[in-house]
Every structure is written in structure tokens, then in C-alpha cells.
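Enquirer: Please work out how this folds:
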Amino acid sequence: MCTHKNITTNMKTCSVVLLLLFSVSFVHSATAQVQSQQEQEFIERLKELAWENYPMFDWHDLEIQRLGVIMRQRRLEMFEAITFSYNFFGFDNENNLSPLVGLGFSVNFGRFFYTGARVRDARILREQARTQKMVDRTQIAMEVIERYAFYRMALELTELQAEALENNRQTMRMMQRQFEEGEIPLVEYQRAVDAFVEDSRMYITNKNDLLKGKLELEQLVGKRLEEIR
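Expert: The predicted structure follows:
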């Protein structure tokens, strides 16, 4: 026959064991995240999908192309600062087949250097667009890692909480039988019920966090996780 003291001690022991199991599982999971080549490849795939799904990258590409066109246009404008001229003086009296032509050119240095500065300005703007694209890529990659880490944590916590909930369910049923047979008082049985209700609440919270983490990650990469290979 189980005494009140033994039952309470067993419940405390179970709690300590579950806590130790959680700690070991968490450490093992963190190590696996670092060591698993397959998971690392999956994360890289998530990054690629997130980059493809990010609409601002299309804008960056178009902006880079637009500034490249502006650079070429402004280079052509530099030739407008150079003026060529020629004069036709007729044919040489001694050789009627050889015309007399005078050639010349002039350079507007103010306009030439001004246009050169405009070309450099367009080049700087294009490099800024490229840099901003790289910054956005890094930010998206970090967002993928953060959301994936939250999703994995919620997944592991939900699995652990489901196991703890089932253990508590079995404990509650055992104590219900003991209460019905008069082996334990109502207060002991009520504690087991309260513990089960609290674990149920935590399980529901963890499931909601898991769903939220999954949806937020899928929203970023543009695909359901089940569809990603």
C-alpha cells in the first residue's frame, strides 16, 4: 500500500527525472544541430527559398540594371564635350585629284569633367544598390535562422510536454483508483488533477507556439515545410 509520503516523494522524483531528461535532451539537440550535415543543408535550402521569396531582391536587381544604363548614357555624354570641325578648300591646283581639307577639334573641359563626375556618381549609386542587396540577404538569412531555431525549440518542447502530459495522465489515473479505494485523501488526488490540468495548459501553449513558429517560417520561405526537399 502506498502512503501519502511515498506518493509525494515519487511525484517529486518524477519531476526531477523529467527535468534532467529535458536538460539532456536539450543539450543533445543543440549538439545535433551543430553536427547534423543534413540539417545544415536544410537550413541552407531555407535561406535560398527565403531569398527567392523576398520581393525587394527583384527591385535591387532592376535598380542595379537601371544605374548601369545611366552610367553608359553618361559616358556617351562625354563625347558631346568634344567638337570636331573640318573645312574644305577645294582641290590642289597642281593635283586636281587631291582635295584640300582642314581638320580640327575642341574640348569643353568643364562639361567633360562634369560629365565624368556624373558617371562616377552613377557608379557609386550602383555599388550602393549592390551593397544594400547584400545587407538584405544577410538580414533575411539571420531571420531564417531565428525563426527556424524558434520552430525547432517549440517542436522539441511540444514533444517533451506531450510525454510529460501522458506520464501525468497515468499518475492521475493511478491516484484516482487509490482515492476511490480509500488509500489516499481527496487533497492528494486533487493535486494530481491540478498537475495534469497545468501540464495540459502548457501542452496547448507549446502547440500554439509550434504552429506559430511553423507558419512564420513558411511565410518567410514561401513554402510549406513538408514540401521542402
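Enquirer: Would you tell me what the next helix or strand after the helix or strand bottoming out on mean pLDDT in the chain is?
Expert: In the chain, no helix or strand scores lower on mean pLDDT, DSSP states H and E than helix 4-35, which sits at a mean of 42. Using DSSP states H and E, the helix or strand that follows helix 4-35 in sequence is helix 37-53.
Enquirer: Show me what the following helix or strand past that following helix is packed against.
Expert: Downstream of helix 37-53, the first helix or strand assigned by DSSP H and E is helix 56-77. Here helix 56-77 touches helix 109-180, going by 3 or more Cβ pairs under 8 Å, 6 or more residues apart in numbering; DSSP states H and E. To be clear about C-beta, it is placed using only N, CA and C from the backbone, and glycine gets the same treatment.
Enquirer: can you give me the angle the helix or strand that the helix it packs on is followed by makes with helix 37-53?
Expert: Sequence order places helix 186-221 as the next helix or strand after helix 109-180, per DSSP H and E. Here the directions of helix 186-221 and helix 37-53 differ by 50 degrees (axes from the mean of the first three to the mean of the last three Cα atoms, to 10 degrees).
Enquirer: pLDDT (mean, whole number) over helix 186-221?
Expert: Helix 186-221 shows a mean pLDDT of 91.
Enquirer: now do stretch 59-69
Expert: Per-region confidence: stretch 59-69 scores 84 on mean pLDDT.
Enquirer: One more: stretch 162-180?
Expert: For stretch 162-180, the mean confidence score works out to 89.
Enquirer: Would you mark the buried spots in it?
Expert: For stretch 162-180, a neighbour-count test (16 or more other Cβ atoms under 10 Å) marks A164, L165, N168, T171, M172, M175, Q178, F179 as buried.
Enquirer: cool, and stretch 44-64?
Expert: Going by neighbour count (16+ other Cβ under 10 Å), the buried part of stretch 44-64 is L46, K47, L49, A50, W51, Y54, H60, E63, I64.
Enquirer: same deal with stretch 191-209?
Expert: R191, A192, A195, F196, D199, Y203, N206, D209.
Enquirer: Adding distance to R118, write those out as JSON lines.
Expert: Listed next are the buried residues of stretch 191-209 as JSON lines, based on distance: Cβ to Cβ, whole Å:
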{"residue": "R191", "distance to R118": "80"}
{"residue": "A192", "distance to R118": "80"}
{"residue": "A195", "distance to R118": "75"}
{"residue": "F196", "distance to R118": "75"}
{"residue": "D199", "distance to R118": "69"}
{"residue": "Y203", "distance to R118": "65"}
{"residue": "N206", "distance to R118": "59"}
{"residue": "D209", "distance to R118": "54"}
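Enquirer: just these now: which is nearest R147?
Expert: D209 (12.1 Å; Cβ to Cβ).
Enquirer: That closest one and E159: what is the separation?
Expert: Counting by Cβ to Cβ, to the nearest Å, the separation of D209 from E159 is 13 Å.
Enquirer: Can you verify my assumption that R74 contacts V119?
Expert: Yes. R74 lies in contact with V119 (Cβ atoms under 8 Å); the separation is 4.5 Å.
Enquirer: And Q38, how close does it get to Q128?
Expert: The gap separating Q38 from Q128 is 38 Å, by Cβ to Cβ.
Enquirer: now swap in Y203 and tell me
Expert: Remark: distance between Y203 and Q128 (Cβ to Cβ) = 50 Å.
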